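# Mind looking at a prediction? Sequence and model below.
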Amino acid sequence: MNDATKNKAGTLYLVPAPLDFGCESQTALTEVLPEGTLRRAASLTHWISENAKTARAYLKRIDALFPLAATLQEQNIAELPREAHKKGDHGNKGGAVFDPKPLLAPALAGQDMGLISEAGMPAVADPGSSIVRAAHDLGIRVVPLIGPVSLLLGLAASGLNGQNFAFVGYVPQDAGERTARIKELEGLALRHGQTQQFIETPYRNATLWQALLQTLQPNTRLALASGLTLETARIESHLVREWRQRNAPPDNRTPVVFSIGR
């Protein structure tokens, strides 16, 4: 792509969303997102989203604070293909590789665009990285906006090593594979001092929790963070042997960031 084409292209903004998706209560947007982010989001009319319905619901909340440049009905919202957010952006997890470049056609035509997920920062523990990579390949400017990222909030509040850490997504659902994976992650954490972070679908929180308490060594530190940015947020960090003495499993209705380390 030549410089003239690049100069005509719009900008791809990575627009963070509040972390209250799927929660019973919502946080005021001004409590978790700076005015600059909200104003920029309000100025956009072309979007790539994880889910168009939830994107419109978020834009409706923004509209109550900063009028949208186009009505909700006039917003152009394209969805990522189902395989992208169910099986990965880049053909991992058995998913087929898809071409994200057509979704960026409005940016190539000079329109600024927003990339948005259901909660938090798109492309971080959420789909969208293929869109970002394609934007770079096409010479489209990429600008991440400021907002909450559950992984970093959970890490900061865990008391675990924030200088060396890894987010590993989900652990396997199969009991045997899950146990093996937990032991593998604990080994990395204890040998290298690298905090290991993972998440789980809310209704499987209790099952994973029991597996963690049964599998991890007594002196491994285990932290959980749920409902982040909400008044009902829960953040706790204890040694596994201390957790075993408590009857305090995570809520099965709220996403949880789990962290283990030493």
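It's in.

# Contacts for stretch 231-247 next, please.
23, 25, 27, 154, 157-160, 212-213, 216-228, 248, 250-251, 259 (CB atoms under 8 Å, 6 or more residues apart in numbering). (C-beta placed from N, C-alpha, C; glycine too.)

# Report the separation between the two terminal residues of that stretch.
22 Å (CA to CA, to the nearest Å).

# What of stretch 59-69?
End-to-end distance (CA to CA), stretch 59-69: 11 Å.

# Contacts for it, please.
With CB under 8 Å, 6+ apart as the test, stretch 59-69 has contacts from Gln26, Leu29, Thr30, Leu38, Arg39, Ala41, Ala42, Ser43, Leu44, Thr45, Leu72, Gln75.

# Show me just the buried residues among those residues.
Among those, those buried by neighbour count (16 or more other CB atoms under 10 Å) are Leu29, Leu38, Ala41, Ala42, Leu44, Thr45, Gln75.

# now, the most widely separated pair of the residues you listed?
Leu29 and Thr45 (19.2 Å; CB to CB).

# Got the domain ranges for the protein?
11-144, 150-261 (the TED database).

# and His136, how many neighbours does it have?
Applying other CB atoms under 10 Å, we find 11 residues neighbouring His136.

# for the one 3 residues further on, same thing?
Residues within reach of Gly139, counting by other CB under 10 Å, total 16.

# go on, Gly162?
Neighbour count for Gly162, taken as other CB under 10 Å: 12.

# Got phi/psi on the nearest residue to it once chain neighbours are set aside?
Counting by CB to CB, 6 or more residues apart in numbering, the nearest residue to Gly162 once its immediate chain neighbours are dropped is Leu155, at 5.6 Å. In terms of degrees, to the nearest 10, the main-chain angles of Leu155 are phi -70, psi -50.

# likewise Ala119?
Dihedral pair for Ala119: phi -160, psi 140, per degrees, to the nearest 10.

# For it, which non-adjacent residue is spatially closest?
With CB to CB, 6+ apart, the residue lying closest to Ala119 is Phe21, at 4.0 Å.

# wait, isn't the one you found in contact with Asp126?
No: taking CB atoms under 8 Å as the definition, Phe21 is not a contact partner of Asp126, at 10.5 Å.

# Show me what the top helix by length along the chain is packed up against.
Taking DSSP state H as the criterion, the chain has its longest helix at helix 175-192. Packing contacts for helix 175-192, counted by 3 or more CB pairs under 8 Å, 6 or more residues apart in numbering; DSSP states H and E, involve strand 195-200, helix 205-215, strand 256-261.

# Return the most buried member of those.
Highest mean neighbour count of the helices and strands packed on helix 175-192: strand 256-261, a mean of 25 (counted as mean count of other CB atoms under 10 Å).

# My guess is Gly227 contacts Arg253. True?
No: Gly227 is beyond contact range of Arg253, at 9.3 Å (criterion: CB under 8 Å).

# More neighbours: which of these two?
Neighbour count, other CB under 10 Å: between Gly227 and Arg253, Gly227 has more, with 22 against 13.

# What ranges does the protein have for its strands?
Under the criterion DSSP state E, strands of the chain are mapped to 11-15, 46-49, 76-79, 113-116, 141-144, 165-167, 195-200, 221-226, 234-239, 256-261.
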